[in-house]
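Visitor: here's a sequence, model it:
(chains A and B)
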Amino acid sequence: MIDPRLLTDEPEKTAAALARRGVGPDVLAGLQELDGARRSAIAALDAARAEQNAASKAIGRRPPEEREAAIAEAAALKDRVVALEAARDATDAAHHDAFSRIPNLPHPDAPDGVEGDGIVLREVGTLPTLDGVSEPRDHVALLEAADAIDLARGAKVSGARFAYLKGEGALLELALIRYAVDIALARGHVPVIPPVLVREPAMYGTGFLPTDEQQLFATRDDDLYLVGTSEVPLAGMHMDEVLDPSELPLRYAGISPCFRREAGAHGKDTRGILRVHQFEKVELFSIVTPDASDAEHERLVDTQIAIVSGLELHARLVDIPVGDLGSSAARKFDLEAWMPGQQAFREITSCSNTTDYQARRLRMRLRVEGGDNVPVHTLNGTALAVQRIMIALVEQHQRADGSVAVPAALVPYLGREVLLTR
RNA sequence: GGAGGGUUGGCAGAGCGGACGAAUGCACCGGUCUUGAAAACCGGCGUGCCCUCACGGGCACCGGGGGUUCGAAUCCCUCACCCUCCGCCA
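Guide: Numbering: from 1, shown residues only, chains lettered A, B, ... in the order given. All right, here's what the predicted structure looks like:
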C-alpha cells in the first residue's frame, strides 16, 4: 500500500512515479476522487456521531421523569448515524480495494523497461571452462545418472513439477542450506524456521494478495495458504507492532520450503527442477528504519554475491526494470547464474527493497519520539534457492565423466570433494 | 475430537449497561527535594483516523467480526488464540 497522502501532498511527483509502472492518469484521478470521498464520509460520520454521543450521554444525567423524552430525541439521531456509517463503509471499501491494487512507487534509480530490459551491473566469477567436457550435460542428465533425482516418480506421486531428491541430491540440499545459513548468520541474520501455512492477513500484508492469488496454493478446509517464500511469515512476525528504533535493524534468515502454483507458466521450463511447485530456500529478510533501506539493499546483495562466489559460480547481477517488478518492490536486483545445460543465464536469486509498502499493509511502525510513528522499511533477498543453485552447481562444475567437483567452501558441509561419481 | 476457564493500556490487574479510553500498582519520562543518588511528593505516559498553518478539536479502538440498546469493556451470536482436563498422536 502506498501512502494515500502522497496523492494530495505530492501529486505531480507521485503521478510521474506511478506512470512508470503503468498506472495512468485515469486511474490516478479515480484514486484521488476515492480519497476525497473517503475523507468527507469520515468527517460527516464523525460529526453525526459526536452529536449522538452528546445526546446519549445527557440521558444519564437527566432525572427519571425526563428520560423518556430524551431517549426519543437521541433515538431520532440514530438513523442519520446508521446511514452515514453505511456510506463511510462503502467508500472505505472502495478506497481500500483500489489502493491495495496500486503497486509500490519505483525507486528513482530503478531502470525503465519491461521483462528482459534488465541492466547487467556486474559479473560474478568467470565462465566455467568445463575442461575435457565435449558436450555439457544438463542437470537432469547429471543428477539422474547418479540417482540423485527422480523426476518420473515425482510426477507419478505428485504431478508435473515435483521431484524427489535422493542420495547425494538430498545430502547436497542439506549441505547447501547449512552453508548459506552460516554465511547469513555471520552477517547478522538470525536463522528462523517459520510456519509455511499462513492466514490471509499475512499474504495480504506482504502484497501477494489480492494480486498474485493464482500463484498460491491454498488449503481446502482451513483458510490457510502455503507460502511461496518465507518472506511472508517473516514479514508477518512483526505485523501490528510498533518497533523502537533501538531494535532495528532486525535481520532474519528464513529456512523453509516454498510452494508456487506456476500458473501461466505452462510449457515453460518443463525439464528438470528449474521451475518446480515445491523447493527449499534460505531467505534473507531485513526490517530497517526508512533512511537505511538503500544501504541495507546493497548489504543484502553483497551477502548474496558472497554465497554465490563461495560456490565458485559464474553469475551476473541484473538491475530489474520497473516493468518487471513485483507489486511490493520499489527496486529489485537478480543474480542470474550461467547454466551450461541450456547455455543461458537464469535467475537464481532476487533481492527487493519494498520500502514502506509491506510495512504499511502490515502496520509495522517505527516509534518516533515527539511525532507520528511511521512505517518501517522491509527488504528481502534469496540467500540460496536450493534447486536453482543445484542446477548451476552441477552444470558448472561437471567433469568429463559426469561427476561434479565440489567447491572448497562446500566440502566441509558435504563431507566429500566429488559428487555424482558412479 | 469432547468438557470447562480465559483474552482489558509496556507489564500486572480492577471494572460486568450511563460521568470508562478505562481504577490501582509496577515500569518509563519530566519536575520538586538532595552535594549527588535513592526514597518521597507533583506532573506526564496507548494506537489509528478526520478537521486545523498552528493552538486545538472530533471520531474509533478493552482479542477479530456481527447483533441488542438512546447508550456496550460490561448483554447476545460468531470466529481466532491461550490455559486446564479427557481422548488420539510424531
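Visitor: just the element for whichever residue of the stretch 51-200 of chain A sits closest to RNA strand B, please.
Guide: Residue nearest to RNA strand B within the stretch 51-200 of chain A (Cβ to the nearest atom of the strand): A:Gly60, separated by 3.0 Å. Yep, even glycine has a C-beta here, placed from its N, CA and C like the rest. A:Gly60 belongs to helix A:25-61 when assigned by DSSP states H and E.
Visitor: which strands and helices sit next to that helix?
Guide: Secondary-structure packing of helix A:25-61 (3 or more Cβ pairs under 8 Å, 6 or more residues apart in numbering; DSSP states H and E): helix A:5-9, helix A:11-19, helix A:64-100.
Visitor: make CSV from the ones you listed and add distance to A:Gln214 and mean pLDDT to it.
Guide: Output for those, formatted as CSV (distance: least, Cβ to Cβ, whole Å; pLDDT from 0 to 100):
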stretch, distance to A:Gln214, mean pLDDT
helix A:5-9, 29, 92
helix A:11-19, 24, 94
helix A:64-100, 16, 87
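Visitor: A:Asp150 reaches A:Tyr164, doesn't it?
Guide: Yes: here A:Asp150 reaches A:Tyr164: they are 4.0 Å apart, a contact under Cβ atoms under 8 Å.
Visitor: how about the residues of the stretch 201-350 of chain A by RNA strand B?
Guide: Residues of the stretch 201-350 of chain A lying close to RNA strand B by Cβ under 7 Å from any atom of the strand are A:Val242.
Visitor: residue in the stretch 201-350 of chain A nearest to RNA strand B?
Guide: The stretch 201-350 of chain A approaches RNA strand B most closely through A:Val242 (5.3 Å), counting by Cβ to the nearest atom of the strand.
Visitor: now do the phi/psi pair for the nearest residue to that residue once chain neighbours are set aside.
Guide: Distances taken as Cβ to Cβ, 6 or more residues apart in numbering place A:Arg365 nearest to A:Val242, at 4.8 Å, with adjacent residues excluded. Note on A:Arg365: its backbone torsions stand at phi -110, psi 160 [degrees, to the nearest 10].
Visitor: bridging residues for the spatially closest residue to A:Asp222 that is not a sequence neighbour?
Guide: Distances taken as Cβ to Cβ, 6+ apart put A:Leu197 closest to A:Asp222, at 7.8 Å, once the chain neighbours are dropped. Beta-bridge partners recorded for A:Leu197 (DSSP bridges): A:Leu226.
Visitor: can I assume A:Leu197 is in contact with A:Val227?
Guide: Yes: the criterion here is Cβ under 8 Å, and A:Leu197 meets it with A:Val227 at 7.5 Å.
Visitor: who has more neighbours, the two?
Guide: Using other Cβ atoms under 10 Å as the criterion, A:Leu197 and A:Val227 rank with A:Val227 on top: 29 against 16.
Visitor: how is chain A carved up into domains?
Guide: A:5-100, A:119-419 (automatic domain parsing).
Visitor: residue at max distance from the center of chain A?
Guide: Using Cα atoms, centre = their mean, the residue of chain A lying farthest from its centre is A:Glu65. It sits 63.4 Å away.
Visitor: which ones are touching the residue of the stretch 301-422 of chain A found nearest RNA strand B?
Guide: In the stretch 301-422 of chain A, the residue found nearest to RNA strand B is A:Asn373; the distance is 3.4 Å by Cβ to the nearest atom of the strand. Going by Cβ atoms under 8 Å, 6 or more residues apart in numbering, A:Asn373 touches A:242, A:365-367.
Visitor: next: A:Gly159.
Guide: Here A:Gly159 is in contact with A:His277 (Cβ under 8 Å, 6+ apart).
Visitor: how near is it to A:Asp222?
Guide: Using Cβ to Cβ, to the nearest Å, A:Gly159 is found at 22 Å from A:Asp222.
Visitor: on that earlier part again, the residue nearest to A:Val242 contacts A:Pro245, doesn't it?
Guide: No: with contact defined as Cβ under 8 Å, A:Arg365 does not count as touching A:Pro245 (11.1 Å).
Visitor: higher neighbour count, those two?
Guide: A:Arg365 (19 against 11).
Visitor: got the buried residues for stretch A:127-142?
Guide: Neighbour counts using 16 or more other Cβ atoms under 10 Å place A:128, A:130, A:136-142 of stretch A:127-142 among the buried residues.
Visitor: which non-adjacent residue is nearest the spatially most central residue of chain A?
Guide: The C-alpha lying nearest the average C-alpha coordinate of chain A belongs to A:Glu231 (Cα atoms, centre = their mean; 5.4 Å). With sequence-adjacent residues excluded and distances taken as Cβ to Cβ, 6+ apart, A:Glu231 is closest to A:Asn380, at 4.3 Å.
Visitor: which strand or helix spans that neighbour?
Guide: A:Asn380 belongs to strand A:377-385, assigned by DSSP H and E.
Visitor: parallel or antiparallel, which strands does that strand pair with?
Guide: strand A:278-288 (antiparallel), strand A:344-353 (antiparallel).
Visitor: please identify which of those strands is closest to A:Ile305.
Guide: Proximity to A:Ile305 (Cβ to Cβ) singles out strand A:344-353 among those, at 9.1 Å.
Visitor: helices or strands up against whichever helix or strand comes after that closest one?
Guide: Once strand A:344-353 ends, the next helix or strand along the chain (criterion: DSSP H and E) is helix A:357-362. Where contact means 3+ Cβ pairs under 8 Å, 6+ apart, helix A:357-362 is packed against helix A:200-205, helix A:231-236, strand A:377-385.
Visitor: how does it look with 10 Å?
Guide: In terms of contacts (3 or more Cβ pairs under 10 Å, 6 or more residues apart in numbering; DSSP states H and E), helix A:357-362 is packed against helix A:64-100, helix A:200-205, helix A:231-236, strand A:374-375, strand A:377-385.
Visitor: how distant is it from the center of its chain?
Guide: Computed by Cα atoms, centre = their mean, to the nearest Å, the chain-centroid distance of helix A:357-362 equals 11 Å.
Visitor: average pLDDT for the helix or strand following that helix?
Guide: Once helix A:357-362 ends, the next helix or strand along the chain (criterion: DSSP H and E) is strand A:365-366. Strand A:365-366 shows a mean pLDDT of 91.
Visitor: is strand A:365-366 up against RNA strand B anywhere?
Guide: Yes: residues of strand A:365-366 contacting RNA strand B under Cβ under 7 Å from any atom of the strand: A:Arg365.
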